[in-house]
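Visitor: have a look at this prediction, sequence included:
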Amino acid sequence: MSDPTQSGQQAPGWYPDPQTGQLRWWDGQQWGQFQEAGAAGGAQPYVPGQSTVSNPTQMAMLAHLLGIFTGFLGPLIIWLTVGKQDPFVEDQSIEALNWQFTMLIAYLVSAVLFLVIIGILTYIATFVAVIAFGIIASMAANKGEWYRYPFSIKFIKPTMGGAPVA
């Protein structure tokens, strides 16, 4: 499997380069950038395999964007409908759902803290975090990156495996 062009496999993905021992991106027609095998760092881009979802990256992006406008309801609908058909959509919709549940807790804590005035600041900080990280996550998902929010409680875990380890 070292050379997809010789083995007849034309699927895009990361393949080991026999000369360097590094992973190299095959886009289906030509070789691209290198990534060290086993190196820590950015997650590998998502490459759709046997998926019944027509565009998994857009569905994953939609899960993050809907979270900004609908809270946990949008990611929940994506996860329950499309998430069971594709591991990338499942992973990203669950990530968005966990983030929205965490932010819901932050909003509730802010509501209690309104009694001592500081709640106004925590509410504004939570509101800004939901928008900013939601936009960052949706852009990453649209590129096929397995995005992780910087902090969220993992209430739900993916059943299809989740993000690959680089």
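Guide: In hand now; what should we look at?
Visitor: got the domain boundaries for the chain?
Guide: According to automatic domain parsing, the chain comprises the domains 4-35, 56-142.
Visitor: deepest of the ones you listed, which one?
Guide: Across the domains of the chain, averaging neighbours per residue (mean count of other Cβ atoms under 10 Å) puts domain 56-142 on top, at a mean of 19. No exception for glycine: its C-beta is placed from N, CA and C like everyone else's.
Visitor: quick one: average pLDDT of it?
Guide: Taken as a whole, domain 56-142 carries a mean pLDDT of 94.
Visitor: name the residues that touch the strand or helix carrying residue 75?
Guide: Following DSSP states H and E, one finds residue 75 within helix 73-81. Helix 73-81 has contacts (Cβ atoms under 8 Å, 6 or more residues apart in numbering) with 59, 62-67, 89-90, 93-94, 96-97, 100, 156.
Visitor: one more time with 7 Å
Guide: 59, 62-63, 66-67, 89-90, 93-94, 96-97, 100 (Cβ atoms under 7 Å, 6 or more residues apart in numbering).
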